[in-house]
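In: My questions are about this predicted structure, shown below with the sequence.
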Amino acid sequence: MSVCLGTLTYSLKPLYKILNHMKLSEILKIKKGITCVIGGGGKTTLIHTLADELKEKGKVVITTTTHILKSERFHNVITDGKCDLSYLGEIISQHNCICLGSRFEGDKLSAPLIELYDLCSICDYVLVEADGSKHLPLKSHLAYEPIIPDKNNKTILVLGIDALDCRVKDVVHRYEKFCELVGCDENDTLISDMISALLRAENLHDTVVINKCDTDELKKSAQFISSKIDEECIISSLLKGEWYVSSN
């Protein structure tokens, strides 16, 4: 079986199962409660995609344990101190999905002063950006990262496949740690084996979303990475609204 997307035609069977007919939140099996997103290369896009889907069946709070950009799509609730749950409940009832954080600087919000699990009493889904990557497609983590809240249901790691064939130090946040874990030099060219080695070494995720798979060749690279780790991977181009499940 083959499928044509635009000008690209490729076989689905040996690579991945196309699942655009399914909601991404269903593929990722997002449950009520807290879901954390870490890594780089599309965290905010993934969270907004999930929020768009989940707000159709429940109330959603987008927030962070580090820093997050103010949302351009959802209502922002910016606090200067401890959050009042009753007040937040009223706001969520009006908007169904909010982006919650403490005042920080510019277009950024920092973590709200509240136990994130307490938000589950006033909403159905809490989507947490639990990591920072300095807008780079790949992230290696120090001992205190990522900052995962208590009672988290699932941790989804996002990475941008567009990091391939670039110099390590140009595309990896915390590249010194990456080089230590993978056994490479900061000036080496990033290859698929390095990414799969990082995922195995850190083992911080429940699910991996390999994003920015915009060409046939990048999809094949994503499939190779998927074949080298145990967990199921989602192969995606989130901005295009395309996602696939690896057929490992």
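Out: Now that the structure is in, tell me what you want to look at. Residues are numbered from 1 along each chain as shown.

In: From Asp52, how far off is the residue nearest to the spatial centre of the chain?
Out: For the chain, the residue nearest the mean C-alpha position is Lys43 (3.6 Å; Cα atoms, centre = their mean). Distance from Lys43 to Asp52, counting by Cβ to Cβ, to the nearest Å: 15 Å. In short, each C-beta sits where N, CA and C put it, glycine included.

In: about what we covered before: confirm for me that the residue nearest to the centre of the chain is in contact with Glu129.
Out: Yes. Shown here, Lys43 and Glu129 form a contact pair, counting by Cβ atoms under 8 Å, at 5.5 Å.

In: bridging residues for Ile210?
Out: Leu159, Ile235 (DSSP bridges).

In: so it touches Glu231, yeah?
Out: No. Look at Ile210 against Glu231 with Cβ under 8 Å: they stay out of range, at 11.4 Å.

In: And the two? Which one has more around it.
Out: Ile210 (28 against 14; other Cβ atoms under 10 Å).

In: Can you tell me the number of residues neighbouring Tyr144?
Out: Residues near Tyr144, counting by other Cβ under 10 Å: 6.

In: got it, and the one 10 residues further on?
Out: Applying the criterion other Cβ under 10 Å, we find 16 residues in the vicinity of Lys154.

In: Asn203 now?
Out: 11.

In: Residue numbering should commence at 33 henceforth.
Out: All set: I'll call the first residue 33, so the last point we hit is now Asn235.

In: gap between it and Ala229?
Out: Taking Cβ to Cβ, one finds Asn235 at 11 Å from Ala229.

In: ditto for Leu151
Out: For Leu151, the distance to Ala229 - Cβ to Cβ - is 36 Å.
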